[in-house]
Structure formats: C-alpha cells, structure tokens
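1. A predicted structure for the sequence below; I have some questions about it.
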Amino acid sequence: MSATAHERIGTDMRVIAVEEHISTEDFLSTAHAVDVLPGDEVEMDLMRTVESDPGLRGRLTDLDARLRDMDALGQDMAILSLNPPGVQPFPSSDAVPLARRFNDALAEIVRRHPGRFGGLGTVAPQDPVAAATEIERVMGPLGLNGIMINSHTGGRYLDEPEFAPLLAAAEANRAPIYLHPRAPSMLAAYRDYGMPGAIWGYQAEAGLHAMRLILSGTLDRFPGLTIVLGHLGEGIPYWLRRIDNRHAFAARTAGAATPMPKLSLTPSEYFRRNMVITTSGIDDPDVLELALRAVGADAIMFAIDYPYEDPAAALAFLRDAPLTDAQRTAIAHRTAERVFGIGQAERGENRHIH
Ligand code: MN
C-alpha cells in the first residue's frame, strides 16, 4: 500500500470491510436461468436487472479492479459474500448445488489472495440438513470465515424448528451468520415507492428476523451463535431500552393467544451477547455514537456494502468519525479479526510493511 493511500485513511491502521458482495459469471448465467419460488418474483426481477447492468456486473465479478480500488483507498482486506439474495429464491434442487459450486469458487478466490480476501459461504436454508453439511464444508475444508443468510427463505425464519440443524451446525463449527437483508416476506405494504429495497424494506425485514431470534428463545437453545447485522444493527440499538421494557410488560400480560417464550436473559442481553453489527451503508456519526453506547466498539465492524455504496465515502467516514484510537482500531479491523477468525497467517505480512 502506498504512503498516499495511508494518508487517505489518515492512519497506519489495517482496514477490513466485511459486507462486500461478489458474483461470478458462472453463478449469474446459471442462477438467472433458474425458476424462482412463488413470492420471490419481485425481488428477483430487481436483482436480475441490477446484475445485468454492465457497470454493476463488472464491479461484482472483476476482482482485479476491486483490488485496485482497495489499494487506492487504503483498504487491506474484504470479506466477500455472494450478491443477495443468494440462492434463497430458488427451489432447493437448484439452490443446494448452486451454493456448493459458488462456495468452491469463493474458496479458490480466497486461496489465491491471502490477506486480501476472506469469504462468507452461501447456504440454502430451503434444505436445512444440506445447509448444515455445507456449513461444515465452508468452515472446514474450504477455510472460509462464516456464512451469509439473506433473511427469510420462502417466508420462513431461522427461529422456526425446521432450521435447528442449520443453527446447530453454525454453532458447532463456530460459523458467524451474517444475517443480511432482503425484500420483506410480507411484501404487500412495501411494494410501492421503491420500499422493498434498502430504503426501508431491507432493514425492516432483517430487524424483524433478528427480533424473532431474540424473542423466540432461539439464543437460549444455541447460546454460542454469533449473528452479524448490517446497517449498525438494523435499527435495533435505537429501540433497545424500549424493547426490554415492553418485553417485560408483554411477558406479564401474555394471553393464551399470544404465548411468550420464557427467556433466560433480557432482549438487550442477547443483543449484546450474540450479535455483532457493521457500519454497512450508514455513514452517519450520530448513529455510530448511538451504536457505540449500545454495544461498544468490540461489537462493531467496518463494512462498505460494495458495490452498492461508495467505498471512498465509507473509508472517509471511518477516518473522520469522532472515535478514540482504540474504538477506531476495533471497528477498522480488530472486531472483524476476532469474529471471523482472521489470524496472523492470513494477515498478508508479505504484501506490505506498515
Ligand atoms: Mn449488502
């Protein structure tokens, strides 16, 4: 990395971005030919349009160009993941082999670029047992850093009993689950004004999913899970105190029609124990300050959301946000190294000398 690049970030600090999407020409040509599950047509129409745009398609697939961007901005490493919504809109007979094939390609990319790329594997929750097997492969022979799941699958959520094998495999294999947004399962009221996407529907959907994991008792059954949420926690830090307060009230007043699982912790205690959040798409120092008060820098990771957000703006935010040195170091790389198991051997010491 050049001295100029370090001046751009204004420090000698290592920078890892953790929500960085890719695709492959192989995946796109195969996935765009597959039938879509009922209910997912709106989202897939949008994603096929996005992925067919020459500029965006190039930014998803051209890793040499991405490395040049990273070098120019002083970004050391990107944790790569398949462009959302991954394989989840497809029948499992297509989704399971598509996930395996993509993960093989991702592992090869990571192997070829030690210290520059890590990877989050893709799984097909449509088949929770196959997903569990794939998590073992992702965290074992493929040597990746975790998995990404794009919220609901056919309107089903990970707290539902059918997904227990998937969650058990994630816990046993220490695979952090990046719970990435997608268009809401209850699409009707979001369908207008562009709202299914990142403007509102994404965070509403991912926040709902995280709240289901907390309130269902899933995190009592799988206490070792790590759930990663983008967008500085999908709105939940703003609500934490009220969620605790209203959860206590709802638990006292719950009737037979709305049973409340008995939890061993308060909702905010699960949020602080099991969830880690990233800065993807929220370059707002006021929201970051709230997140720091809610969870602390050891639970916050830097992310750009490439190719959908401007990497230069995200890096400038990381550089300029009002943080202590310890907070900036944690957000820039240290939390990601802990959460994703990025060790000394992967730090690319032979690439450049700080
Ligand atoms: Mn994203």
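-> Looks like it arrived, so ask away.

2. and residue 167, what does it touch?
-> 158, 218, 221-222, 225 (CB atoms under 8 Å, 6 or more residues apart in numbering). Using the backbone N, CA and C atoms, a C-beta is placed for each residue, glycine as well.

3. quick one: which of these has the most company?
-> The most crowded member of those, judged by other CB atoms under 10 Å, is residue 158 (27 neighbours).

4. any idea which helix or strand carries that one?
-> Counting by DSSP states H and E, no helix or strand carries residue 158.

5. can you pull the contacts of it?
-> Contacts for residue 158 were tallied using CB under 8 Å, 6+ apart; they are 125, 149, 166-167, 177, 179, 209, 212-213, 218.

6. can you lay out those as a markdown table showing distance to residue 242 and pLDDT?
-> Formatted as a markdown table, those follow (distance: CB to CB, whole Å; pLDDT from 0 to 100):
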| residue | distance to residue 242 | pLDDT |
| --- | --- | --- |
| 125 | 30 | 98 |
| 149 | 27 | 98 |
| 166 | 31 | 98 |
| 167 | 27 | 98 |
| 177 | 25 | 99 |
| 179 | 21 | 98 |
| 209 | 19 | 98 |
| 212 | 17 | 98 |
| 213 | 18 | 98 |
| 218 | 21 | 98 |
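
7. nearest to the ion among these?
-> Nearest to the ion, judged by CB to the ion, of the contacts of residue 158 is residue 179 at 11.2 Å.

8. contacts for the helix or strand hosting the closest one next, please.
-> Using DSSP H and E, residue 179 falls within strand 177-180. By CB under 8 Å, 6+ apart, the residues outside strand 177-180 that reach it are 18-19, 81, 84, 120, 146-151, 158, 170, 206, 209-210, 225-230.

9. what is the least confident helix or strand in this protein?
-> The helix or strand of the chain with the poorest confidence is helix 3-9; it has a mean of 48 (mean pLDDT, DSSP states H and E).

10. after that helix, next one along is what?
-> Later in the chain than helix 3-9, the nearest helix or strand by DSSP H and E is strand 16-22.

11. may I have the one helix or strand residue 167 maps to as CSV, with CA atoms only?
-> Assigned by DSSP H and E, residue 167 belongs to helix 164-172. Extracted in CSV, the C-alpha atoms of helix 164-172 (Å, rounded to 0.1, in the frame of the first residue of the first chain):
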residue,chain,number,x,y,z
ALA,A,164,-32.4,-26.3,14.0
PRO,A,165,-29.9,-28.5,12.1
LEU,A,166,-28.6,-25.4,10.3
LEU,A,167,-28.2,-23.4,13.6
ALA,A,168,-26.6,-26.4,15.4
ALA,A,169,-24.0,-26.7,12.6
ALA,A,170,-23.3,-22.9,12.7
GLU,A,171,-22.8,-23.1,16.5
ALA,A,172,-20.7,-26.3,16.4
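
12. and it, which residues are buried?
-> Going by neighbour count (16 or more other CB atoms under 10 Å), the buried part of helix 164-172 is 164-171.

13. likewise for stretch 279-297?
-> By 16+ other CB under 10 Å, the buried positions in stretch 279-297 come out as 279-283, 287-288, 290-292, 294-295, 297.

14. and the contacts of it?
-> 18-19, 198, 230-233, 237-238, 240, 271-272, 275-277, 300-305, 308-309, 313-314, 316-318, 320-323, 326-327, 330-331, 335.

15. filter those down to just the ones in helices.
-> 231-233, 237-238, 240, 271-272, 313-314, 316-318, 320, 326-327, 335 (DSSP state H).

16. so how do I select the buried members of those residues in PyMOL?
-> Listed next is the PyMOL selection for buried residues among the ones in helices among the contacts of stretch 279-297, using 16+ other CB under 10 Å:
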select buried, resi 231+232+233+237+238+240+271+272+314+316+317+318+327+335
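
17. surely residue 87 meets residue 98?
-> Yes: the pair residue 87 / residue 98 is scored as a contact, 4.8 Å apart, by CB atoms under 8 Å.

18. which one's more surrounded, these two?
-> residue 87 (27 against 21).

19. so who does the closest residue to the more buried one other than its chain neighbours touch?
-> What sits nearest to residue 87 in space, not counting adjacent residues and going by CB to CB, 6 or more residues apart in numbering, is residue 95, at 4.0 Å. Residue 95 makes contact with 87-88, 124, 126-127, according to CB under 8 Å, 6+ apart.

20. redo that, cut-off 10 Å
-> Listed by CB atoms under 10 Å, 6 or more residues apart in numbering, the contact set of residue 95 reads 31, 34, 37, 86-89, 122-127, 130-131, 153.

21. which of those residues lies closest to the ion?
-> Nearest to the ion among the contacts of residue 95, with distances taken as CB to the ion, is residue 86, at 10.9 Å.

22. in the stretch 1-150 of the chain, which spans are helices?
-> For the stretch 1-150 of the chain, applying DSSP state H, counting those that start in this stretch gives helices covering 3-9, 25-31, 41-52, 54-61, 63-73, 92-112, 128-139.

23. can you list these in TSV and add distance to residue 255?
-> Below are those laid out as TSV (distance: least, CB to CB, whole Å):
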stretch	distance to residue 255
helix 3-9	55
helix 25-31	45
helix 41-52	36
helix 54-61	49
helix 63-73	53
helix 92-112	37
helix 128-139	31
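
24. please identify the deepest-packed of these.
-> Of all the helices of the stretch 1-150 of the chain, helix 128-139 has the most neighbours on average by mean count of other CB atoms under 10 Å, namely a mean of 21.

25. show me what it is packed up against.
-> Judged by 3 or more CB pairs under 10 Å, 6 or more residues apart in numbering; DSSP states H and E, helix 128-139 is in contact with helix 92-112, strand 117-122, strand 146-150, helix 164-172.

26. okay then, goodbye and thanks.
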